[in-house]
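> Generate a structure from the sequence data that follows.
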Amino acid sequence: MPTPSSLPASLPWIERLVSLDTTSRNSNLVLVELVEEELARLGVTSQRIPNDGGTKTNLVATLPAADGRTGGGIVLSGHTDVVPVDGQRWSSDPFRPEIRDGRLYGRGTADMKSYLGVILHQLPALAAASLAEPVHLALSYDEELGCLGGARLAAALGGWTEPPRVCLVGEPTGMRVIAGHKSSNLVELVFAGRSAHSSLTPDGVNAIEYAARAVTAVRALADRRRTEGPFDQAYRVPWTTAGVNVIDGGIATNTVPERCRVQFEFRTIAADDPAAVIEEISAVARELETQMQAEHPDTSVTVAVQAAVPSLASRTDGPAYRLATELGGAPSADKVTYGTEAGQFSDAGIDAVVCGPGDIAQAHAADEYVELDQIKACERFVDALLRRTF
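Numbering: from 1, shown residues only. Purely as a prediction, here's the structure:
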């Protein structure tokens, strides 16, 4: 067992955050309210940017510069939600963090409550410091559902009279400074056919069979990107990827299915336009709808983009990258295949990079963990920010 002196100083905050079940299907208000209480205790005002129903919210708090300025400055950004643990086999309770073999286990330890816990641990020092420029804490909801809260959050901060100049997003990178990632897009196709008894198939229009043709079209799209490109060798997977990950339809084995829903996601490199990929599949959907309506006019195919997270292509000589490396983040030419809210901040005019503790390989998995040494490295990173801003 590690001794208390060898444990990260921010561990109590991280454990509190991990113990809160903020799976995306739940509200995140219990976590937001905890942070609001700490901010109020320190005399720091905060602002909510809620979803339409008020069941979830972003949270923004500004620690002013020593001269009272609140515009410009540095954003420390992280999301509050985590992915489900349903069906996973854990060695311990995912919402009761546990230390084993130099690692902290629990849902969200890597993605990304350790980063948030480190910041909250340092809030008293940040609130008491004579800051050279403002520091903004930005917490989002529903990142795991397609960066839904991040879209509103980045737009709000980008719309300030004097927007923040840089944003550091603490997704798990092993404390490497990452300036590029792919876009992430979720598209849903709904096939509305016509039901009939399965002994009378000509009277029906089989939604599943038409949906299957769309599935093969998505796979063909992915195969072409893999063999023909474009390519970007800075990525571990250096081409645009796509795949059908959810499909459901039908009600009984003796009934021609009237409905089938297909969800696929794709992730583009910068040289591949997401709008062009969506149009490619939309053209397939239109052709399939024409074929369905030739069988019966009361059929249709609808295409809905449910989430579209932009790619990130920040400059390694830009202010965010320079700041993150000055604070001790490891310089890296790598780009990451997963999407983050950094692309949204960048699109809002705020230079952004990704740098945080942990490894994306542990995120979303059973027995998710973060190395204690990674938490300590993140603590040194925020300590350096504190020292820099005096």
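
> CA atoms for contacts and neighbours, from now on please.
Will do.

> Buried residues of stretch 12-22, list them for me.
Of the residues in stretch 12-22, 13-22 count as buried by neighbour count, 16 or more other C-alpha atoms under 10 Å.

> Can you lay out the residues you listed as TSV showing distance to residue 351 and secondary structure?
What follows is these, written out as TSV (distance: C-alpha to C-alpha, whole Å; DSSP: H, G, I helix; E, B strand; the rest coil):
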residue	distance to residue 351	secondary structure
13	28	helix
14	27	helix
15	31	helix
16	31	helix
17	28	helix
18	29	helix
19	33	coil
20	31	coil
21	32	coil
22	28	coil
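
> Among those residues, which one sits closest to residue 155?
Checking those against residue 155 by C-alpha to C-alpha gives residue 22 as the nearest, at 23.5 Å.

> Do I have it right that that closest one meets residue 84?
No - look at residue 22 against residue 84 with C-alpha atoms under 8 Å: they stay out of range, at 9.1 Å.

> that older thread, kindly indicate which of the buried residues of stretch 12-22 lies nearest residue 242.
residue 22 (28.1 Å).

> Can you tell me how far residue 159 is from residue 172?
Remark: distance between residue 159 and residue 172 (C-alpha to C-alpha, to the nearest Å) = 28 Å.

> quick one: which of these two has more around it?
Each of residue 159 and residue 172 has its neighbours counted (other C-alpha atoms under 10 Å); residue 172 has more, 25 against 13.

> My read is that that one contacts residue 113, right?
No - assessed by C-alpha under 8 Å, residue 172 is found out of contact with residue 113, at 10.1 Å.

> now the helices for the stretch 1-150 of the chain?
Secondary structure of the stretch 1-150 of the chain, counting by DSSP state H, counting those that start in this stretch: helices at 11-18, 29-41, 114-128, 148-158.

> so can I have a markdown table of those showing distance to residue 229 and mean pLDDT?
Formatted as a markdown table, the helices of the stretch 1-150 of the chain follow (distance: least, C-alpha to C-alpha, whole Å; pLDDT from 0 to 100):
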| stretch | distance to residue 229 | mean pLDDT |
| --- | --- | --- |
| helix 11-18 | 40 | 98 |
| helix 29-41 | 43 | 98 |
| helix 114-128 | 35 | 97 |
| helix 148-158 | 29 | 97 |
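
> can I get these in a markdown table with distance to residue 303?
Below are the helices of the stretch 1-150 of the chain laid out as a markdown table (distance: least, C-alpha to C-alpha, whole Å):
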| stretch | distance to residue 303 |
| --- | --- |
| helix 11-18 | 37 |
| helix 29-41 | 32 |
| helix 114-128 | 37 |
| helix 148-158 | 19 |
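
> residue ranges with poor pLDDT in the stretch 101-250 of the chain?
Of all residues in the stretch 101-250 of the chain, none has pLDDT under 70.

> buried set for whichever helix or strand residue 212 is part of?
Residue 212 belongs to helix 207-228 when assigned by DSSP states H and E. Using 16+ other C-alpha under 10 Å as the test for burial, helix 207-228 gives 207-208, 210-211, 214-215, 217-219, 221-222, 225-226.

> likewise stretch 278-286?
Within stretch 278-286, the residues scored as buried using 16+ other C-alpha under 10 Å are 278, 281-282, 285.

> Can you give the contact residues for it?
Taking C-alpha atoms under 8 Å, 6 or more residues apart in numbering as the criterion, the residues outside stretch 278-286 that touch it are 189, 214, 217-218, 301-303.

> Next one, pLDDT for residue 4 please.
Listed pLDDT for residue 4 reads 59.

> Pull the distance from stretch 336-355 to the chain's centre.
With C-alpha atoms, centre = their mean, to the nearest Å as the basis, stretch 336-355 stands 10 Å off its chain's centre.
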